[in-house]
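K.L.:
A structural model of the following input is requested.
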Amino acid sequence: MTLAAIILAAGKGTRMKSALPKVLHPIAGKPMVAHVVAAARALDPGSITVVYGHGGDQVRDTLADDSLGWALQAEQLGTGHAVAQAMPSVAEETVLILYGDVPLIRPETLRAFVDRVDPQTLALMTLTMDDPSGYGRIIRDADGRVQRIVEQKDASDAEKAVKEINTGILACSRAFLDQALPRLSSNNAQGEYYLTDIIAMAVEDGLAVEAMQPEHAWEVDGVNDRVQLARLERIYQQVQAERLMRGGATVLDPARLDLRGDISCGSDVVLDVNVVLAGTVRIGNNVHIGANCHITDADIDDGAVIAPNSVIEGARVGAGCQVGPFARLRPGTDLAAGAKVGNFVETKKAVVGEGSKINHLTYIGDATIGKDVNVGAGTITCNYDGVNKFQTVMEDGAFIGSNSSLVAPVTVGRNATVGAGSTVTRDVAEDELAVARGKQRNIGGWKRPQKKD
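P.N.:
Next up, the predicted model:
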């Protein structure tokens, strides 16, 4: 059967106490509703429709996905009303209803869930809780068949004692929804059109209601305030850390690791505390990443060592490289095998050849560095004139003395040497020595200025 997904994301989220719509608050650096969209998309549905309301333009602009359908719920009249707004755009045979503030539902759970649906069977996601307070209760008959859902505010004392609750996630045929939604009433304590009321309608119409519980309770946890948001963030991070560890990585403290994107990791990788991996990061085998490193959109090859407190963004680190501590690799940096970028070095659009060393206190921008080049401490490539950027080239075997400024565009030739303290404005040919500094004068008898009493 063809499948449509409807994601309810119109709520204001008053308890978040934020101008940002609730569903846009992030889990792992991504809006929570985007996690729900990704889970739905994994099922390959014919359509995904997001029902939006509060902050609707912001929600649409943030997701910015042409493949999504949109339905406006201008008035917040309940979940049944919200689903009704999306139905005109649904043509598929089966409809799956999800929630933009329930971000950790897994695709494999949803696949098993929708497989239970046929024209005569409605699937309902439930959960058994020790403390069901605040949730709608699942009411079953003497034979254990689901009969209806009663909301907490409408429940009797006996119904409140039931521990099986409604998660809100359900799937059924479009044909049933089309005829059930117009029959909903707002005659309840909230004055809203409850989607949950269609369960009793399904039973009356002779449909089977098949309840399913997720493997993990956190999959159906919703977010209503920032405390719950933080709790789900840590659950997400724990799950991701366990995935890496099962793949052969050592995570020294899973509670102090943050993964915020598409992260792949080889075997025998060590991730120290407070490492943040964001965007798309590929880590090879035998890589060691020290404490407090922040790595975004990077490719790190086998055997590389990233020392503590380093920041890497949009860069490639070759096999066996050493980076840091306190290094910053900015976008466009490409380190070949065995290169070394040491403490307090910043690189940007820099290609660094095999075995080359930039050990400390240096800025290298818009540069191409060959093999076995040594760049001394305090070296700066002067690559920007206020309008344009220019290239610096250091060919194989070049040696740049400490405290040198290379004013681009400039080339230091193969095996050439730049004397310490030089400001180089012209090309240096192969094997040449360039010394460009003022003549030293030593003035005898000079007295330092003295402070007056």
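K.L.:
which sections of the stretch 201-350 of the chain are below the confidence cut-off?
P.N.:
For the stretch 201-350 of the chain, no stretch has pLDDT under 70.
K.L.:
on the three-state scheme, residue 83 is what?
P.N.:
The three-state assignment at residue 83 reads helix, by DSSP: H, G, I helix; E, B strand; the rest coil.
K.L.:
contacts only, for it.
P.N.:
Under the criterion of CB atoms under 8 Å, 6 or more residues apart in numbering, the contact partners of residue 83 comprise 6, 8, 51, 97, 177, 181, 195. No exception for glycine: its C-beta is placed from N, CA and C like everyone else's.
K.L.:
the third one contacts residue 82, correct?
P.N.:
If I follow you right, that is residue 51. Yes. Here residue 51 reaches residue 82: they are 4.8 Å apart, a contact under CB atoms under 8 Å.
K.L.:
burial of residue 318, as a residue count?
P.N.:
Residue 318 has 21 neighbouring residues, counting by other CB atoms under 10 Å.
K.L.:
just checking, it touches residue 337?
P.N.:
Yes. Between residue 318 and residue 337 there is a contact under CB under 8 Å: 4.3 Å.
K.L.:
for the stretch 151-300 of the chain, just list every one of the strands.
P.N.:
Secondary structure of the stretch 151-300 of the chain (DSSP state E, counting those that start in this stretch): strands at 164-173, 208-212, 250-251, 257-265, 270-271, 275-283, 288-289, 294-296, 299-300.
K.L.:
now these in a markdown table, with mean neighbour count?
P.N.:
What follows is the strands of the stretch 151-300 of the chain, written out as a markdown table (neighbours: other CB atoms under 10 Å):
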| stretch | mean neighbour count |
| --- | --- |
| strand 164-173 | 23 |
| strand 208-212 | 18 |
| strand 250-251 | 16 |
| strand 257-265 | 18 |
| strand 270-271 | 22 |
| strand 275-283 | 20 |
| strand 288-289 | 22 |
| strand 294-296 | 20 |
| strand 299-300 | 22 |
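K.L.:
for stretch 219-227, C-alpha coordinates in CSV please.
P.N.:
Presented in CSV, the C-alpha positions along stretch 219-227 are these (Å, rounded to 0.1, in the frame of the first residue of the first chain):
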residue,chain,number,x,y,z
GLU,A,219,11.3,6.8,21.1
VAL,A,220,7.9,8.2,21.9
ASP,A,221,9.0,10.8,24.5
GLY,A,222,7.7,14.3,23.6
VAL,A,223,9.2,17.7,24.4
ASN,A,224,7.2,20.3,26.3
ASP,A,225,9.9,22.2,28.0
ARG,A,226,13.6,22.7,28.1
VAL,A,227,14.2,20.1,30.8
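K.L.:
buried residues, that stretch. List them.
P.N.:
Across stretch 219-227, burial judged by 16 or more other CB atoms under 10 Å covers 219-223.
K.L.:
same question for stretch 430-448.
P.N.:
Under the neighbour-count criterion of 16+ other CB under 10 Å, stretch 430-448 has 434, 436 buried.
K.L.:
about what we covered before: filter the contacts of residue 83 down to the ones in helices?
P.N.:
Among the contacts of residue 83, the residues falling in helices (DSSP state H) are residue 177.
K.L.:
for residue 42, which non-adjacent residue is spatially closest?
P.N.:
Using CB to CB, 6 or more residues apart in numbering and skipping the chain neighbours, the partner closest in space to residue 42 is residue 107 (3.6 Å).
K.L.:
ok so, going back, shared neighbours, residue 51 and residue 82?
P.N.:
Contact with both residue 51 and residue 82 is made by residues 8, 10, 73, according to CB under 8 Å, 6+ apart.
K.L.:
let me know the closest of those to residue 165.
P.N.:
Each of those was scored against residue 165 by CB to CB, and residue 8 proved nearest at 17.6 Å.
K.L.:
give the contact list for the spatially most central residue of the chain.
P.N.:
Most central in the chain under CA atoms, centre = their mean is residue 260, positioned 3.0 Å from the mean C-alpha point. Taking CB under 8 Å, 6+ apart, we find residue 260 in contact with 28-30, 276-279.
K.L.:
reformat those residues as JSON lines; add distance to residue 295.
P.N.:
Formatted as JSON lines, the contacts of residue 260 follow (distance: CB to CB, whole Å):
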{"residue": "28", "distance to residue 295": "15"}
{"residue": "29", "distance to residue 295": "13"}
{"residue": "30", "distance to residue 295": "17"}
{"residue": "276", "distance to residue 295": "7"}
{"residue": "277", "distance to residue 295": "5"}
{"residue": "278", "distance to residue 295": "7"}
{"residue": "279", "distance to residue 295": "9"}
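K.L.:
what's the closest of the residues you listed to residue 42?
P.N.:
Lowest distance from residue 42 to the contacts of residue 260 (CB to CB) belongs to residue 30, with 14.9 Å.
K.L.:
this structure: helices as residue ranges?
P.N.:
32-41, 56-63, 79-86, 107-114, 157-160, 174-180, 197-204, 226-246.
K.L.:
buried stuff in the fifth one?
P.N.:
Pointing back at helix 157-160 there. residue 159.
K.L.:
check which helices and strands that helix sits against.
P.N.:
Where contact means 3 or more CB pairs under 8 Å, 6 or more residues apart in numbering; DSSP states H and E, helix 157-160 is packed against strand 137-140.
K.L.:
for the strand it packs on, give me every contacting residue.
P.N.:
Strand 137-140 has contacts (CB under 8 Å, 6+ apart) with 124, 126, 146-150, 152, 155, 159-160, 162, 164-166, 211.
K.L.:
quick check: buried residues in that strand?
P.N.:
Neighbour-count burial for strand 137-140, counted by 16+ other CB under 10 Å, picks out 137-139.
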